[in-house]
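>>> sharing a sequence plus its predicted fold:
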Amino acid sequence: WRAVADRWRAPALDAPPPRDARAELRGLDFGGKPRYLAVIDFECNCGRKVAFEIVEFPVVVADLDKLEIVGEFQTFVRPEEHPALTGLCRRLTGIRQSDVDEAPLLVDALAAVDAFLKRTVPAGGTFAPAAGG
């Protein structure tokens, strides 16, 4: 994300890392709030003997000034290390093997996200990525 975000000079990513978490919470100045928020909710292949690989890459961009969604993007991602989705992954996410079999690889999905963000966030606009855990 850093390479993508750098294109729009996201203040939060340009700031030096805080010395400790408390300093950050006490109001580290990121140069103002970003205008846009790119909310990401990855889904990953999962299981005991399977590396966590992204298998779905959705992004929703919200305009924080207008409080509205300005763009949505979604792509499945073909896992390379363990191409077969685990039963656990299929049950938890509802993603089918056929969804990822012909999907782009992660590098191509990242390029598609980059293109989406270029279309969605105006040149010079600032954004911050946000993801759940």
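Ah, there it is.
>>> what sits against the nearest residue to Asp101 once chain neighbours are set aside?
Using Cβ to Cβ, 6 or more residues apart in numbering and skipping residues adjacent in sequence, the residue nearest Asp101 is Arg78, 7.0 Å away. Just so you know, the C-beta spots here come from the backbone N, C-alpha and C atoms, and that holds for glycine as well. Counting by Cβ atoms under 8 Å, 6 or more residues apart in numbering, Arg78 makes contact with 55, 100-105.
>>> with Ala62 instead?
Counting by Cβ under 8 Å, 6+ apart, Ala62 has contacts 36-37, 39, 68-70.
>>> list the buried ones in the longest strand along the chain?
In the chain, taking DSSP state E as the definition, the longest strand is strand 53-63. The neighbour-count check on strand 53-63 (16 or more other Cβ atoms under 10 Å) flags 53-57, 59-63 as buried.
>>> one more: stretch 91-100?
93, 95, 99-100.
>>> partners of the spatially most central residue of the chain in the sheet?
What sits nearest the mean C-alpha location of the chain, by Cα atoms, centre = their mean, is Ile40, with 3.9 Å. Taking DSSP bridges as the rule, Ile40 bridges to Val59, Ala131.
>>> list the contacts of it.
Applying Cβ under 8 Å, 6+ apart to Ile40 gives the contacts 57-59, 129-131.
>>> rewinding a little: can I get the contacts of Arg78 in CSV with distance to Cys46?
Shown next, in CSV, are these (distance: Cβ to Cβ, whole Å):
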residue, distance to Cys46
Val55, 9
Val100, 13
Asp101, 18
Glu102, 21
Ala103, 17
Pro104, 20
Leu105, 19
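>>> which of those residues tops the neighbour count?
Highest neighbour count within the contacts of Arg78: Val55, with 23 neighbours (other Cβ atoms under 10 Å).
>>> look up how far Arg96 lies from that residue.
Val55 sits at a distance of 10 Å from Arg96 (criterion: Cβ to Cβ, to the nearest Å).
>>> who touches both of those two?
The contact sets of Val55 and Arg96 overlap at Leu85 (Cβ under 8 Å, 6+ apart).
>>> if anything else comes up later, I'll come back, but that's it for now.
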